[in-house]
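**Q** model the structure of this input:
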Amino acid sequence: MILLFPCEQNKSDRPNVIFSVAIIYSALSLLGWLGIYLFQGKLALGSAFKIRPEYFSIFGLGILSGVGVVALSILSSRLFKLVQVLEEEFRNILGPLNGQEIFLIACFSAVGEEFFFRGALQPKLGLIPTALLFGLLHFPINKKYLIWTIFAVVMGFLLGWLYLYTGSLVTPIITHFIINQINLYRLCKIK
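**A** From the prediction side, this is the model:
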C-alpha cells in the first residue's frame, strides 16, 4: 500500500481519509485501465480478469500467497526490531481504524495498485522494472524505514510473478488485498 499522506488521529477526519483513499486509488485504477487499453488493446482488460476453468487455482494461489506473506510478516515482526519499529510507525501514521475503514483501504489499494502496476505497466515494461518501480514508489520519507521499500520490491516480484503465472489480475489482487487487510487489522484495529 502506498501511503501518500499521514492519517490524523482525529475521528472527524476519518471520512476525509477514506474519501482521499478512494479518490487516489480510483485514479490509479483509471490510469491502469487506460494503460491496459492503450498498451494492449480493447480486449486486454477482459483477458486480464479472465477466469479459466482452473479458477480454484487462481483464487487459491492468491489466498495462499497472501496468507503466506502475512505469516512471514508476523514472524519478522517477532524476530526483528527493525520490523517492529516500522510497524509502530505505521500504527502512528494510520492511527486506529475500524473494520470498514480497514476493508476499504485494503480493497482500494489492492485494486488500484494491481491495475496500474501489474495490469498496465508490467506487460509494457516487464517484471523487473515494474517490481523495482513498485518498490521505489513505496520509498519512505525517513530512510530508517528503508526495509519497507525492500519489502515492496520483493512483493512487486511476487505479485508480478503471480500475474505472469496465472495470466489474470485476480490472483495478485487477492494476494495484495489479504496482505493489506490482515496487516492493517493487526496493526491498526480499534481495540
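
**Q** tally of neighbours for the closest residue to Ser77 other than its chain neighbours?
**A** Excluding its sequence neighbours, the residue lying closest to Ser77 (Cβ to Cβ, 6 or more residues apart in numbering) is Val83, at 4.9 Å. Yep, even glycine has a C-beta here, placed from its N, CA and C like the rest. Residues near Val83, counting by other Cβ atoms under 10 Å, number 18.

**Q** need the contact list for Val83.
**A** Contacts for Val83 (Cβ atoms under 8 Å, 6 or more residues apart in numbering) come out as 73, 76-77, 147.

**Q** which one of these is nearest Val17?
**A** Compare each of the contacts of Val83 with Val17 using Cβ to Cβ and the shortest gap goes to Ser73, at 22.9 Å.

**Q** which helix or strand contains the nearest residue to the closest one once chain neighbours are set aside?
**A** Sequence neighbours aside, Asn183 is the residue nearest to Ser73 in space, at 5.9 Å (criterion: Cβ to Cβ, 6+ apart). Per DSSP states H and E: Asn183 is located in helix 170-188.

**Q** what's that helix packed up against?
**A** helix 55-79, helix 81-94, helix 99-113, helix 146-166 (3 or more Cβ pairs under 8 Å, 6 or more residues apart in numbering; DSSP states H and E).

**Q** re earlier: ok, the residue nearest to Ser77 to Thr171 distance?
**A** 26 Å (Cβ to Cβ, to the nearest Å).

**Q** count of neighbours near Leu75?
**A** Neighbours of Leu75 (other Cβ under 10 Å): 11.

**Q** please report phi then psi for Asn98.
**A** phi -90, psi 170 (degrees, to the nearest 10).
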